[in-house]
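What shape does this take:
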Amino acid sequence: MDDDADLQGKSDEYISFGYLDPLLGRRIMDRLTRHHVRFTARDASRLDVASADIIDDVSWRDPYPRPARNNRIELLIHSEDQDAARKVIDEM
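I've put the predicted structure just below:
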């Protein structure tokens, strides 16, 4: 896995493969490492609304949306390793 500092100069070489749950991202990154795929991951966590799903009803206990942390990572794959990464991820 590359450092964020190294990524600054090579940002055009890496392509985002989307945002993942950290636990799923860890499993994917372990497999990518075993297959020698170049990648990096960034913390893409942010504050979000805890009740962002479809709300059926609002209780008197929770009348307002509450902020909550949405933990996720952004997976970036080296442009030359895209096909290998897709193959590894599809096999999971």
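
Now residue 87: which helix or strand?
helix 82-90 (DSSP states H and E).

which of the residues in stretch 69-78 are buried?
By neighbour count on 16 or more other C-beta atoms under 10 Å, the buried set for stretch 69-78 is 72, 73, 74, 75, 76, 77, 78. The C-beta positions use only the backbone N, C-alpha and C, and glycine is treated the same way.

can you pull the contacts of the spatially closest residue to the last one that is not a sequence neighbour?
In other words, residue 78. Spatially, and ignoring its direct neighbours in sequence, residue 78 is nearest to residue 38 (3.7 Å; C-beta to C-beta, 6 or more residues apart in numbering). The contact partners of residue 38, taken as C-beta atoms under 8 Å, 6 or more residues apart in numbering, are 2, 77, 78, 80, 81.

ok, the third one - contacts?
Residue 78 sits next to 13, 14, 15, 37, 38, 39 when contact means C-beta under 8 Å, 6+ apart.

For it, give the beta-bridge partners.
Listed beta-bridge partners, residue 78: residue 14 (assigned using DSSP bridges).

Could you check the pLDDT of it?
Among the per-residue scores, residue 78 shows a pLDDT of 96.

The helix or strand encompassing residue 69: how far from the chain's middle?
In the assignment (DSSP H and E), residue 69 maps to strand 67-70. Taking the mean of its C-alpha atoms, strand 67-70 sits 16 Å from the chain's own mean (C-alpha atoms, centre = their mean, to the nearest Å).

Check which strands are paired with it and give the direction for each one.
The pairing partners recorded for strand 67-70 under DSSP bridges are strand 46-49 (antiparallel).

Quick one: distance of the strand it pairs with to the chain centre.
Its chain's average C-alpha position is 15 Å from that of strand 46-49, according to C-alpha atoms, centre = their mean.

Give me the contacts around it.
Contacting residues not belonging to strand 46-49 are listed as 65, 66, 67, 68, 69, 70 [C-beta under 8 Å, 6+ apart].
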